[in-house]
Each structure stands twice: as structure tokens, then as C-alpha cells.
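Q: sequence plus predicted model, see below.
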Amino acid sequence: MMEPLEMIKDSLNKQIYIKLRNDRELTGKLNAFDQHLNMILENAEETHTSVELDEETYEQVYKQNKRSMPMVFIRGDGVILLSSHTDH
């Protein structure tokens, strides 16, 4: 049986998908990590999904904002899910 940190170690230098708190998602190449799940991603793309209420129809409207970053540090306590990019 594979341990969680072993799975992450196998993902080094590969594309991964990370779901974070506050409706944020990231994809990018995993460059480094530690035992707290702090990570450094290269060529990362962040997607933030927000829900707004349409004032005329009172329906929920989902909006996505995306941004690209050449390098980003992710603090491990905000990570909800991590998978290989091909799994997502």
C-alpha cells in the first residue's frame, strides 16, 4: 500500500491538479513539497470560481476567473485534494 507522501513524491516533475479552500483550483508541474504539503508549482494556472446572484432572475450565476503564474508557492493547510493532472 502506498503512503500519501509517496504518492506525492511520484508526482514530482509531473503535472498535478490541486483543489484548495475558497473555491480555488490549480494545475501545474510539481517542483517541490514538504511533509506539511507546502508545494511549489511551475507554470501554474489558477481557477477561482465564484457564485453571484442575478438581480433580475434571482438565479445563481457561476463565474470563473483564471490566471497563469510562472512559479507559485502553495501553503499545505489550504489543500483539499491533490491528483495527477491526467486523473482530473
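A: Sure thing, it's come through. Residues are numbered from 1 along each chain as shown.
Q: when you work out contacts or count neighbours from here on, use the C-alpha atoms and nothing else.
A: Fine.
Q: ok, and the closest non-adjacent residue to residue 25?
A: Spatially, and ignoring its direct neighbours in sequence, residue 25 is nearest to residue 19 (4.5 Å; Cα to Cα, 6 or more residues apart in numbering).
Q: which neighbouring elements make contact with the host helix or strand of that neighbour?
A: In the assignment (DSSP states H and E), residue 19 maps to strand 15-20. Helices and strands touching strand 15-20, by 3 or more Cα pairs under 8 Å, 6 or more residues apart in numbering; DSSP states H and E, are strand 24-33, strand 79-84.
Q: least confident of those strands, on average?
A: Lowest mean pLDDT within the helices and strands packed on strand 15-20: strand 79-84, at a mean of 93.
Q: pLDDT weak spots in the chain?
A: 85-88 (pLDDT under 70).
Q: hmm, 80 instead?
A: Within the chain, the stretches with pLDDT under 80 are 1-2, 85-88.
Q: can you tell me the SS state at the residue in the chain sticking out farthest from the centre?
A: When each C-alpha in the chain is compared with the mean C-alpha position (Cα atoms, centre = their mean), residue 56 comes out farthest, at 33.2 Å. Here residue 56 is recorded as coil under DSSP: H, G, I helix; E, B strand; the rest coil.
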